[in-house]
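**Student:** Next one to model:
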Amino acid sequence: MKKSILLLMSVQFFVYLGFGIIIPILPEVIVQQNLSDIHVGGLITVYALASFFTAPLWGSLSDHTGRKKLILTGLIGFSLSFFLFALFINHITLLYISRIIGGVFSGALYTAVTGFVADLTDEENRNKYMGLMGMSIGLGFIFGPAIGGILGNFGLQVPYIASGLLTALLLIYASIILKEPERRGNANKRTWLPKGGITLWRYRVRYLFLLSFTITLILAGIEATFQLFQIDQIAITPLQLGYLFMASGLVDAAIQGGVVRRVKNGTETKWIIGAQIITAIGVVLIPFSTNLLWAGVALSIFTAGNALARTVLVSLTTKESGGKYGTAAGMTYSMDNMGRIIGPLLFTWLLTQTAGSLYFVSATIAILSIGLVFLFRFSNRYIKNEQALATK
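**Tutor:** This is a model prediction of the structure:
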């Protein structure tokens, strides 16, 4: 199992490194071609949109055809997207196509990897390994922008060529090391199973999907507005911002690699409630930033709560999926991407209308989202109950 888990961690790391690596490079690409700034947002949005619409399909497919096959397919497509971006960096239409391809296949990788981990683990140790997956995602977000900025000094295409080559090498390694896991969710073929992601919305797991959207909505909104707000507040520079996000990224990795693995089975909802309270505290502190240290503390507190909530929620969702790990992961990934589509646009608009009051609104959303946890707790629509009735 250890080799497989390490490899799956590598896959998650490179998927999110690939997402982050574009951040410091994309504006330069657009400026050098004298294109409208709107293309910066456009190229980021189409990536999330492609993932949003295709992740449930990939998740369902992984439940039927196997995890390894889908991971290899995802790595091929993801690598191709990097090479296309590098090759056609001066052709805006083809850049959009490369980003769409990247978004489509990142959805395949995320859902297949999450389903793979769920198949390798049981409910007692799943939190631990989901935490390791989350830590890999956090590290990808940390090093992506940093690597993109460093390699970009040698040419705007270099970061994408490097990412494409590394992903291709990972493909070769995965094809040799990975073995298709025993299908825990589909072991009993007579067991009733929901048909597709839409069916899952009939059960209490739907509250977890909505919570996933809310958590990511807040995260994406903070990411989009934090720099704009702090420029006015403390005249923050891009270099200082990089230091703050690196520090908060390390907090993210520490939470997911250390704290989450200690979450005991059955206590997930308590941890999520606590995490959302911590998130709200961090957000409320942001408007009172008077110096770089205060801004960093506020951002790190927010990150700690958000990271804890995100990863515990993923683990709990797989436990509530009735064995359809890939389908549930795909639906969660789509809800995350919806948050990443709506969050930046909504929060940036709110910033122009309310300035620092935006963060009080954000904290309110975080607290209100705890209501979804209680709706989940009090609901009696268990998938497992209906599975048991269907097999009697």
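**Student:** what helix or strand does Leu7 sit in?
**Tutor:** Under the criterion of DSSP states H and E, Leu7 resides in helix 2-20.
**Student:** Also Ala247?
**Tutor:** Using DSSP H and E, Ala247 falls within helix 238-254.
**Student:** in that helix, what counts as buried?
**Tutor:** Of the residues in helix 238-254, Gln240, Leu241, Leu244, Phe245, Ala247, Ser248, Gly249, Val251, Asp252, Ala253 count as buried by neighbour count, 16 or more other C-beta atoms under 10 Å. For the C-beta atoms, the positions are set from N, CA and C on the backbone; glycine is no exception.
**Student:** Lys319: which of the residues you listed is nearest?
**Tutor:** Checking those against Lys319 by C-beta to C-beta gives Asp252 as the nearest, at 22.7 Å.
**Student:** Can you tell me the SS state at Ile22?
**Tutor:** Here Ile22 is coil, with the state taken from DSSP: H, G, I helix; E, B strand; the rest coil.
**Student:** Quick check: nearest residue in space to it, chain neighbours excluded?
**Tutor:** The shortest distance from Ile22 to any non-neighbouring residue, by C-beta to C-beta, 6 or more residues apart in numbering, is to Gly148 (6.6 Å).
**Student:** what's around that neighbour, how many residues?
**Tutor:** By other C-beta atoms under 10 Å, 24 other residues sit near Gly148.
**Student:** pretty sure it contacts Val29?
**Tutor:** No: using C-beta atoms under 8 Å as the test, Gly148 is too far from Val29 to be in contact (11.3 Å).
**Student:** hang on, the earlier thing: what angle separates the helix holding Leu7 from helix 238-254?
**Tutor:** Our comparison of helix 2-20 with helix 238-254, counting by axes from the mean of the first three to the mean of the last three C-alpha atoms, to 10 degrees, yields an angle of 150 degrees.
**Student:** next one: the next helix or strand after helix 2-20 to chain centre, how far?
**Tutor:** Tracing the chain past helix 2-20, the next element assigned as helix or strand by DSSP H and E is helix 26-32. Taking C-alpha atoms, centre = their mean, to the nearest Å, one finds the center of helix 26-32 at 25 Å from the center of the full chain.
**Student:** moving C-terminal of helix 26-32, what's the next helix or strand?
**Tutor:** Sequence order places helix 38-65 as the next helix or strand after helix 26-32, per DSSP H and E.
**Student:** Now that following helix: buried residues?
**Tutor:** So helix 38-65, judged by 16+ other C-beta under 10 Å, has buried residues 39-52, 54-63.
**Student:** number of nearby residues for Phe209?
**Tutor:** As a burial measure, Phe209 scores 23 neighbours (other C-beta under 10 Å).
**Student:** Hmm, it is touching Met331, no?
**Tutor:** Yes: checked against C-beta under 8 Å, the pair Phe209 and Met331 is within contact range at 5.7 Å.
**Student:** need the contact list for Ala50.
**Tutor:** Residues counted as contacts of Ala50 (C-beta atoms under 8 Å, 6 or more residues apart in numbering) are Arg99, Ile100, Ile101, Gly102, Gly103, Val104, Gly107.
**Student:** Closest to Gln12 out of those residues?
**Tutor:** When those are compared for distance to Gln12, the smallest value, 13.0 Å, is given by Gly107; criterion: C-beta to C-beta.
**Student:** thought the closest one was touching Trp58?
**Tutor:** Yes: the pair formed by Gly107 and Trp58 meets the contact definition of C-beta under 8 Å, at 5.2 Å.
**Student:** And the pLDDT at Pro287?
**Tutor:** The predicted structure scores Pro287 at 91 on the pLDDT scale.
**Student:** Please tell me how far it sits from Gly74.
**Tutor:** Using C-beta to C-beta, to the nearest Å, one gets 40 Å for the distance from Pro287 to Gly74.
**Student:** Which segments of this structure make up each domain?
**Tutor:** Split into domains by automatic domain parsing, the chain comes to 1-182, 193-392.
**Student:** and Leu80, what does it touch?
**Tutor:** Leu80 makes contact with Ile101, Phe105, Gly164, according to C-beta under 8 Å, 6+ apart.
**Student:** Pop out the phi and psi values for it.
**Tutor:** Backbone dihedrals for Leu80, given as degrees, to the nearest 10, come out at phi -60, psi -40.
**Student:** Could you check the pLDDT of it?
**Tutor:** 94.
**Student:** Neighbours of Gly356, how many?
**Tutor:** 14.
**Student:** Quickly find the element holding Thr311.
**Tutor:** Applying DSSP H and E as the criterion places Thr311 in helix 292-319.
**Student:** Measure how that helix sits relative to helix 238-254, angle-wise.
**Tutor:** Comparing the axes of helix 292-319 and helix 238-254 via the same axes, to 10 degrees yields an angle of 40 degrees.
**Student:** Following the chain onward from helix 292-319, which element is next?
**Tutor:** Elements were assigned by DSSP H and E; along the chain past helix 292-319, the next helix or strand is helix 325-354.
**Student:** Roughly how far does the residue most central in space within the chain sit from Leu210?
**Tutor:** If you average the C-alpha coordinates of the chain and look for the closest C-alpha using C-alpha atoms, centre = their mean, you land on Asp336, 6.5 Å from that point. Taking C-beta to C-beta as the criterion, Asp336 is separated from Leu210 by 12 Å.
**Student:** Tell me the residues that contact both of these two, please.
**Tutor:** Looking at what touches both Asp336 and Leu210 (by C-beta under 8 Å, 6+ apart), there is no common residue.
**Student:** avg pLDDT for stretch 96-105?
**Tutor:** Rounded to a whole number, the mean pLDDT of stretch 96-105 is 91.
**Student:** Mind listing residues that contact it?
**Tutor:** The set of residues external to stretch 96-105 that reach it, using C-beta under 8 Å, 6+ apart, is 18, 42-44, 46-51, 54, 73-78, 80-82, 84-85, 88.
**Student:** One more pass at 7 Å, please.
**Tutor:** Contacting residues not belonging to stretch 96-105 are listed as 18, 43, 46-51, 54, 74, 77-78, 80-81, 84-85, 88 [C-beta atoms under 7 Å, 6 or more residues apart in numbering].
**Student:** Only alpha carbons, please: show that stretch as PDB.
**Tutor:** The C-alpha atoms that make up stretch 96-105 are tabulated as PDB, following Å, rounded to 0.1, in the frame of the first residue of the first chain:
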ATOM      1  CA  TYR A  96      -8.100  28.200 -24.300                       C
ATOM      2  CA  ILE A  97      -8.200  24.700 -25.800                       C
ATOM      3  CA  SER A  98      -5.100  23.600 -23.700                       C
ATOM      4  CA  ARG A  99      -6.700  24.900 -20.500                       C
ATOM      5  CA  ILE A 100     -10.000  23.100 -21.300                       C
ATOM      6  CA  ILE A 101      -8.000  19.900 -21.800                       C
ATOM      7  CA  GLY A 102      -6.200  20.400 -18.500                       C
ATOM      8  CA  GLY A 103      -9.400  21.000 -16.700                       C
ATOM      9  CA  VAL A 104     -11.100  17.900 -18.100                       C
ATOM     10  CA  PHE A 105      -8.300  15.600 -17.200                       C
END
